[in-house]
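Chemist: this is the structure alone, sequence omitted:
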């Protein structure tokens, strides 16, 4: 196992926990809704439907994390 395996696992667990909380909050909002019609979707989500997808957030944050690790090693061994 590499030296960065555990930090990447930590980031993945943190994002997974955040995604779970986010999903549970959305589920709770769905339960609270009264009536047969759905609430209107916010303008941000309507224009960017993938913005709130936790999988895309994971790829973005993991990519940023690995980019920082690569930049660190590039600058360290220059």
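Modeler: Now that the structure is in, tell me what you want to look at. Given the structure is predicted, the values throughout are model-derived calculations rather than measurements.
Chemist: where in this structure is pLDDT low?
Modeler: Where the chain drops to pLDDT under 70, the residues are 1, 29-41, 45-46, 49, 51-52.
Chemist: quick one: buried residues of whatever helix or strand residue 17 lives in?
Modeler: Following DSSP states H and E, one finds residue 17 within helix 5-32. Buried residues in helix 5-32, defined by neighbour count with 16 or more other C-beta atoms under 10 Å: 11, 15. From N, CA and C alone the C-beta is placed, and that goes for glycine too.
Chemist: what's the distance between it and the middle of its chain?
Modeler: Centroid separation for helix 5-32 versus its chain: 8 Å, with C-alpha atoms, centre = their mean, to the nearest Å.
Chemist: for residue 71, what are phi and psi?
Modeler: phi -60, psi -40 (degrees, to the nearest 10).
Chemist: who touches stretch 5-23?
Modeler: With contact meaning C-beta atoms under 8 Å, 6 or more residues apart in numbering, stretch 5-23 is reached by 52, 54, 57, 58, 61, 62, 65, 66.
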